[in-house]
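Trainee: A predicted structure for the sequence below; I have some questions about it.
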Amino acid sequence: MTRRRSTGAESREAIVDSTVEVLELEGACGLSVSAVMRRAGASRTTFYRHFDDVYGVVAEILQRVGAELLTSAGDWLNDPQALGRPEVVYPNLLGYARSFDAHGRLLAALSDASVIDEGIRRLWDGLIEEFVEITADAIRRDQAVGTVRADLDAEAVALVLTLMGERVSVQMLGRERKCDPEAYAAMLTPIWIGTLFGVVPQDDRAAPRE
């Protein structure tokens, strides 16, 4: 039986999938074109038809996962017309946490790799900066209509909330899965609500039932 030749799209997906597997199993130290293509069962020539280097693959992976994380975080960060309210914080954080949890091993590996690999650090920092900018824009939008505290420095608060979320996500949902997405969202909800709206929610408001 003649084996069907893979299409360009299939080859590209195989490279992306193999890169994810190498990162999850070996981290940045094991990441190379040769390692990826051994796992993909194809030649280095095939790799270079699609990417210039392994950082190009990592960039595509982060773009895809970052878009999924952003979409899962709810309308407040995605819809220019959405307004922040205390009651949307928990479901938004829960959606984000569930998405992060689904990619936890990969994201933890990339976070760890960003400490030792300059190329991955630039890509990881770029994802963080994107979330900071989107969050700052949402804060400024809500300050303009009076739903979020007017005394906040939107950029600084967005940076703090994003970095806090990234560290807690990597540690508690990625490396060792010390909590589930529901516990993650319940833990961070009072911090977000207190910071943005100046109120401390009661327990039943911090983690409403679905």
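Mentor: Here it is on my side, so go on.

Trainee: alpha carbons only for contacts and neighbour counts from here, please
Mentor: OK.

Trainee: List the buried residues of the longest helix anywhere in the chain.
Mentor: The longest helix of the chain (DSSP state H) is helix 118-145. If you call a residue buried by 16 or more other Cα atoms under 10 Å, then helix 118-145 has these buried ones: 120-121, 123-124, 127-129, 131-143.

Trainee: Then stretch 72-79?
Mentor: Buried residues in stretch 72-79 (16+ other Cα under 10 Å): Ser72, Ala73, Gly74, Asp75, Trp76, Leu77.

Trainee: just those residues now: which is nearest Ala186?
Mentor: Closest approach to Ala186 among those (Cα to Cα): Ala73, at 14.5 Å.

Trainee: my read: the closest one touches Val89, true?
Mentor: No - Ala73 sits out of contact with Val89 when judged by Cα atoms under 8 Å, with a separation of 9.3 Å.

Trainee: Can you name the element that comes right after the helix or strand encompassing Leu94?
Mentor: Element membership of Leu94, judged by DSSP states H and E, is helix 86-102. Going down the chain from helix 86-102, the next helix or strand is helix 104-116, by DSSP H and E.

Trainee: Tell me the helices and strands packed up against that following helix.
Mentor: In terms of contacts (3 or more Cα pairs under 8 Å, 6 or more residues apart in numbering; DSSP states H and E), helix 104-116 is packed against helix 8-26, helix 118-145.

Trainee: and if we set it to 10 Å?
Mentor: With contacts taken as 3 or more Cα pairs under 10 Å, 6 or more residues apart in numbering; DSSP states H and E, helix 104-116 sits against helix 8-26, helix 54-72, helix 86-102, helix 118-145, helix 154-169.
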